[in-house]
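Engineer: have a look; sequence and predicted model below, questions after that.
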Amino acid sequence: MTDHKSGKNKVWKWIAGILAVLIIAGTGTALYLNAKWKPILSQKLKDAVVNRSYKLYKLDFNDISFNLLTGSAALHEVSLSPDTAVYRQLQALGLAPANIFQVKLKKLQLNRIALLTAYFKRKIEMNAVILEKPSINMIHYQVKKRPELEKEAPTLYEMISNRVRSVDVKAIRIIDADFDYINGESSKKMHSVKHLSIQVKHFLLDSLSQFDTTRYCYAKDIGFELTGYRALSKDKMYTMKVDTVKGSTADQSISVTGFQMIPMYTDLQFSRKYTYGKDRYDLKFNKISLEGVDLVRLNTEGSIRAKSLKIGPAKVNIFVNREMPPPPGLDKVRNFPHMALKRLSVPASIDTVQLTNIDVAYTEYNPISQKRGTVYFQNLAGNIRNLTNDSLQLVKNNHAIANLEALVMKTSKIAVQIDFNLTDKNAAFHYKGNVGPMDMKVLNPMAKDMGLVEIESGQMQSAAFDIYANAKGSSGKVNFLYKDLKIKLLKEGEDGEPAKKKGLLSFLANSLLIKNDNPSKGEAPRTAKVTFQRTPAASFFNLMWKSFFIGMREIVGIGAVPVKTPEQAMEKVKDKKKERREKKAKRN
């Protein structure tokens, strides 16, 4: 037993001895290489960058270290900088690239390099390449290539194959990078990204991988994460915030969490910063995700192709100040959803947009009553299919279909289907749907301040609509069933005072015009055929709800009373402002 233990101890002594010799030899060799070969290797690396970039780039670093035992190496305080004089020469010759880079980083770490494999087989294999806290400037120039040089560029493998047979890296990690996109002509920052991390998995560059369709840029997966993004909008009227943006080529997904668009001013302050009317948005999206994204097409063609876009939960607040005139000559048809889609500079095609738990509040400020009226749509959900501006996709299918549901004013369910004609020059669309039962008094926060009407009583049993519309107007059919409807007509208050009842007119309206029930006793239900002429200042939302509203008015019995266009409403605002100025001048 003692001999057996003694034999084991001898084995472990031999192993320990061998390891000690290897450590001493490795340490001694490392010390020798550090002293003897470090200056030579440093210069070789710097010369290689200069020569391989046609003298465009210069590599600098403060120190280089390596460990033969672990097969690791590192460059410290690294910088890669372009020679602007050389770049100008390349521009003159028509040989300059569109983008040049300035890179600085604390440390470039290479882990577990197979040195013998690299030396004897010309194969570079390593566990990881790590770039710690790099600062990357991408400087963009408009360049013109000489026609005779417009030919297919060699692949990355063709460029390195005369020196190495393959490059195999298990992981490449870029940690906490700052990235700036700069206009080369003006030297202005066009985009800036902070705290960007990228992880590349299983990068393989050899004669076969360049044709491997399961890889993207020679890697099995490229993932990225951006945290804590914050910036001002171009007009400095909004703060844009994003908690996290993540993406993966393997999963073909991009997700955004915690996106916010925060106005810099309160609602009236914001609108009065502009000469003309400008909608104010206050947005908060908990999550936005693209799935089934064709990242190869996005990279090579700059076009977006995805199976689905998921949005929600989210809160959307829109504020419109009706005292501000519209921009002269503006036709708001250009902002209809399908017309705005046409104007996108990027070709896009998304099979399905899925909306979940979105709360929308649309508020108008009435400068005559000096009050705000708000329409609420809660828990908006549904989908939009075939959202695209891609010309090839439009040949196959030129209609986007939206099926949406929500709660109106927190009480009644509305369901609507909108059929957008994506190629029609007049922005044609067709919408139909229905609204469930509601106590109509819940509409007063909107009706009193937007329309100067107060609903004293009324029970809506159901409403339905089927309307065709375009840039010129709309036509269709409205059904509206209700009972016990009574209203008050209001006169706008002055200097912020509450609106007052028009007693006689309210009495006459209820007695002579308003039909309290539909159907009336012993009669068939009344329906309305709607014809509405749109004016340039009418928005998409204005066109939809006014077409429906006109049908309801006709069924109620006040269809003969004209409805003001946005332009007529603005004229009344101008007259009221003038009247108030004259009264103020008399008091003074």
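Structural biologist: On my side now, so go ahead.

Engineer: roughly how far out does whichever strand or helix holds residue 377 sit from the chain middle?
Structural biologist: Residue 377 is part of strand 371-388, with elements assigned from DSSP states H and E. The chain centroid and the centroid of strand 371-388 are separated by 17 Å under Cα atoms, centre = their mean, to the nearest Å.

Engineer: swap in stretch 267-282?
Structural biologist: Relative to its parent chain, stretch 267-282 has a centroid offset of 22 Å by Cα atoms, centre = their mean.

Engineer: can I get that stretch as CSV, trimmed to CA atoms?
Structural biologist: Taking C-alpha atoms only, stretch 267-282 is exported to CSV below (Å, rounded to 0.1, in the frame of the first residue of the first chain):
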residue,chain,number,x,y,z
ASP,A,267,-48.6,71.6,-25.4
LEU,A,268,-49.5,75.3,-26.1
GLN,A,269,-45.8,76.4,-25.7
PHE,A,270,-44.8,73.8,-28.2
SER,A,271,-47.3,74.8,-30.9
ARG,A,272,-46.6,78.5,-30.5
LYS,A,273,-43.0,78.0,-31.2
TYR,A,274,-44.0,77.5,-34.9
THR,A,275,-45.5,80.1,-37.3
TYR,A,276,-47.9,77.5,-38.7
GLY,A,277,-49.8,74.6,-37.2
LYS,A,278,-47.6,71.6,-36.1
ASP,A,279,-48.9,68.5,-34.4
ARG,A,280,-47.2,67.8,-31.0
TYR,A,281,-46.4,64.1,-30.2
ASP,A,282,-45.7,62.6,-26.8
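
Engineer: give the buried residues for it.
Structural biologist: Judged by neighbour count (16 or more other Cβ atoms under 10 Å), stretch 267-282 contains these buried residues: 267-268, 270-271, 277-278, 280, 282. C-beta coordinates here come from the backbone N, C-alpha and C atoms, glycine included.

Engineer: which ones among those residues lie within helices?
Structural biologist: Taking DSSP state H as the definition of helices, these contribute 267-268, 270-271.

Engineer: strand partners of the strand holding residue 377, parallel vs antiparallel please.
Structural biologist: Within its sheet, strand 371-388 is paired with strand 348-366 (antiparallel), strand 399-408 (antiparallel), according to DSSP bridges.

Engineer: what's the first helix or strand after it?
Structural biologist: Moving toward the C-terminus from strand 371-388, the next helix or strand (DSSP H and E) is helix 391-396.

Engineer: next, the buried residues of that next one.
Structural biologist: 393-394.

Engineer: now do residue 230: how many residues are near it, please.
Structural biologist: 10 (other Cβ atoms under 10 Å).

Engineer: count of neighbours near the residue nearest to residue 344 when sequence neighbours are not counted?
Structural biologist: The shortest distance from residue 344 to any non-neighbouring residue, by Cβ to Cβ, 6 or more residues apart in numbering, is to residue 389 (5.6 Å). Here the number of neighbours of residue 389 (other Cβ under 10 Å) works out to 21.

Engineer: quick one: residue 389 and residue 350 touch, right?
Structural biologist: No - using Cβ atoms under 8 Å, residue 389 makes no contact with residue 350, being 10.3 Å away.

Engineer: from what I can see residue 400 touches residue 388, true?
Structural biologist: Yes - at 7.3 Å, residue 400 and residue 388 qualify as touching, with contact defined as Cβ under 8 Å.

Engineer: okay, and the common contacts of the two?
Structural biologist: residue 422 (Cβ atoms under 8 Å, 6 or more residues apart in numbering).

Engineer: can you give me the end-to-end distance of stretch 387-402?
Structural biologist: From its first residue to its last, stretch 387-402 covers 9 Å (Cα to Cα, to the nearest Å).

Engineer: pLDDT averaged over that stretch - what is it?
Structural biologist: Averaged across stretch 387-402, the pLDDT comes to 95.

Engineer: what lies in contact with that stretch?
Structural biologist: 303, 305, 309, 338, 341-342, 344, 347-350, 353, 382-386, 416-423.

Engineer: element containing residue 87?
Structural biologist: Residue 87 belongs to helix 84-93, assigned by DSSP H and E.

Engineer: run the chain-centre distance for the next helix or strand after that helix.
Structural biologist: Proceeding N to C from helix 84-93, the next assigned helix or strand is strand 99-111, under DSSP H and E. Relative to its chain's centre, strand 99-111 lies at 29 Å (Cα atoms, centre = their mean).

Engineer: pull the CA atoms of the next helix or strand after strand 99-111 into CSV?
Structural biologist: Next helix or strand after strand 99-111 toward the C-terminus (DSSP H and E): helix 115-121. This file holds the C-alpha atoms of helix 115-121, laid out as CSV (Å, rounded to 0.1, in the frame of the first residue of the first chain):
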residue,chain,number,x,y,z
LEU,A,115,0.8,29.7,-32.8
LEU,A,116,2.1,26.4,-34.2
THR,A,117,-0.9,26.0,-36.5
ALA,A,118,-0.4,29.6,-37.7
TYR,A,119,3.3,29.0,-38.4
PHE,A,120,3.3,25.6,-40.0
LYS,A,121,-0.2,25.5,-41.6
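
Engineer: which other helices and strands does helix 115-121 contact?
Structural biologist: In this structure, helix 115-121 makes packing contacts with strand 123-132, judged by 3 or more Cβ pairs under 8 Å, 6 or more residues apart in numbering; DSSP states H and E.

Engineer: avg pLDDT for the strand it packs on?
Structural biologist: Mean predicted confidence for strand 123-132 is 88.

Engineer: after that strand, which helix or strand is next? Please name it.
Structural biologist: By DSSP H and E, the next helix or strand past strand 123-132 is strand 135-140.

Engineer: nearest residue to residue 436 other than its sequence neighbours?
Structural biologist: Nearest one to residue 436, counting by Cβ to Cβ, 6+ apart, is residue 413 at 4.4 Å.
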